[in-house]
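Chemist: just a sequence and a predicted model for now, questions to come.
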Amino acid sequence: GGDLLYVGYNDAIGYGELVCVTGGQLVRQFLQDEQDPSEDTNVGKLPSEDKEPIADWTDVAAWVESNEDDLFPGAKQGWLWIHRIA
């Protein structure tokens, strides 16, 4: 029943992912992975997409950059998480 925002991108491999859940309901799920296009997903729509739709991984990167101050107020540094699937 909670909220979740998961977003990330990697410009070295052409990858972008955004998942937004509000009140326990999936609002937006986007994934583009140029290394594995079979996993690409494009479901739902954020309110901001009326003006700037998310159509590829570069749009995810641009969305993060344009919302950085709202998402991470006062942040001077971030974290790089590396997850390996065994």
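Modeler: Here it is on my side, so go on.
Chemist: all contacts plus neighbour counts: C-alpha atoms, from now on.
Modeler: Will do.
Chemist: partners of the residue nearest in space to the middle of the chain in the sheet?
Modeler: Per C-alpha atoms, centre = their mean, the C-alpha nearest to the average position across the chain is that of residue 18, at 2.3 Å. Residue 18 has these beta-bridge partners by DSSP bridges: residue 7, residue 30.
Chemist: check it and give its pLDDT.
Modeler: Note on residue 18: pLDDT of 94.
Chemist: state the distance from it to residue 2.
Modeler: 17 Å (C-alpha to C-alpha, to the nearest Å).
Chemist: I would like the residues contacting the lowest-mean-pLDDT helix or strand in the chain, please.
Modeler: Using mean pLDDT, DSSP states H and E, helix 57-71 stands out as the lowest-scoring helix or strand of the chain, at a mean of 82. By C-alpha atoms under 8 Å, 6 or more residues apart in numbering, the residues outside helix 57-71 that reach it are 7-9, 11, 14-18, 31-33, 53-54, 75.
Chemist: now, the most widely separated pair of the residues you listed?
Modeler: Greatest spatial distance among these (C-alpha to C-alpha): 33 and 75, at 27.6 Å.
Chemist: between the two, who's got more neighbours?
Modeler: Comparing residue 33 with residue 75 by other C-alpha atoms under 10 Å, the one with more neighbours is residue 33, at 19 against 9.
Chemist: do you know how far that one is from residue 14?
Modeler: For residue 33 relative to residue 14 (C-alpha to C-alpha), the value is 6 Å.
Chemist: let me see the contact set for residue 39.
Modeler: So residue 39 contacts 31-33 (C-alpha under 8 Å, 6+ apart).
Chemist: would you turn those residues into CSV with distance to residue 60 and pLDDT?
Modeler: Converted to CSV, the contacts of residue 39 look like this (distance: C-alpha to C-alpha, whole Å; pLDDT from 0 to 100):
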residue, distance to residue 60, pLDDT
31, 9, 97
32, 9, 97
33, 12, 96
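Chemist: of those residues, closest to residue 23?
Modeler: For these, the residue nearest residue 23 by C-alpha to C-alpha is residue 31; the value is 21.3 Å.
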